[in-house]
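> let's see this in three dimensions:
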Amino acid sequence: MEVSVKNSQGDTVETIDLDDAVFAVPMNHALVHQALVIYQGNKRQGTADTKTRAQVSGGGRKPWIQKHTGRARQGSIRSPQWRHGGVVFGPHPRDYRKALPRRMRRLALKCVLSEKARQDQLICIDATDGINGKTKSMVELLSNLGITGSALVVTKDTVQAVVRAAHNIEKIWTLPVNQLNAQELLSRDKLVITLEAARWAEQDLAVSPPRWKDRMAGATNAAEISAVAASPAESAVATADEEPATGQAEEAAAERAGEEEDAGGEE
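Numbers count the residues shown, from 1 in each chain. Below you'll find the model as predicted:
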């Protein structure tokens, strides 16, 4: 994937090749949708709560007798059909958080990055030295790059000058590359990333993490190798431990033979 690198003036200074394993991945809509739903669900606080008829105060006395009133039978003024009564099947505090496996999270990020690159929504800049922390400097940079809508500015590390410069601009967000995820990319139209951050993402996402089975197999192999390496030393220790026992047995046998000879001589 060839990407043009621009300077703070909006001029193209060079063209770089980014790894196709990160910036040319086919779009997987089902995976990206699943990741986005999990990201949004993890943001929910889950603190909404309602009271059932058992939790609402009052309603201990029967409003009127069961029969002979001509009205419908009622057992409590806090029943759900009454005003100020309890709520049926209302929300209660719960946890909406779900786990997103690491391989799925990384693949979703690569899919969205590749889609941004294919649609020419990825803008790579050489450096952010022209940003001095003033909002005016960020406005000039975005104007030179031709960005009029929302954008996400990604740097290698957290740069306070970039954060302060973009803080007062609507629809402009900043983020270090190690916190980049699919939801942040999908929420913005353009991606402005520094060359250093792009190279870091390329190196970090190019290699897939080992699977659980592979890690377990590696741990088993390591344990077997360590056991084989330790076996000669263990055998030597066992031999050294057996030698004193063998010597003691020989001494006991010699003593018994001497006693038997003495007994024969006395007879």
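> what's the burial count for the nearest residue in space to residue 75 that is not next to it in sequence?
Distances taken as CB to CB, 6 or more residues apart in numbering place residue 62 nearest to residue 75, at 5.9 Å, with adjacent residues excluded. C-beta: built from backbone N, CA, C; applies to glycine. Neighbourhood size, residue 62 [other CB atoms under 10 Å]: 12.
> what segments of this protein are strands?
Shown for the chain, the strands assigned by DSSP state E span residues 2-6, 12-17, 122-125, 151-155, 172-176, 190-194.
> closest one to residue 91 among these?
Closest to residue 91 of the strands of the chain is strand 172-176 (CB to CB; 30.7 Å).
> any idea which residue sits dead centre in the chain?
residue 102 (5.9 Å; CA atoms, centre = their mean).
> does that one touch residue 210 like I think?
No: look at residue 102 against residue 210 with CB atoms under 8 Å: they stay out of range, at 10.3 Å.
> where does pLDDT dip in the stretch 101-250 of the chain?
Within the stretch 101-250 of the chain, the stretches with pLDDT under 70 are 222-223, 228-250.
> give me that answer again for 90
127-130, 133, 206-250 (pLDDT under 90).
> wait, residue 41 sits on residue 97?
Yes: counting by CB under 8 Å, residue 41 touches residue 97, with 7.0 Å between them.
> can you pull up the bridge partners for residue 151?
Bridge pairing for residue 151 (DSSP bridges) gives the partners residue 172, residue 190.
> separation between residue 81 and residue 91?
To residue 91, residue 81 is 20 Å away according to CB to CB, to the nearest Å.
> now residue 74. Nearest residue, chain neighbours left out?
Leaving aside its chain neighbours, residue 74 sits nearest to residue 63 (4.7 Å; criterion: CB to CB, 6+ apart).
> tell me how many other residues surround the one you found.
By other CB under 10 Å, neighbour count at residue 63 equals 14.
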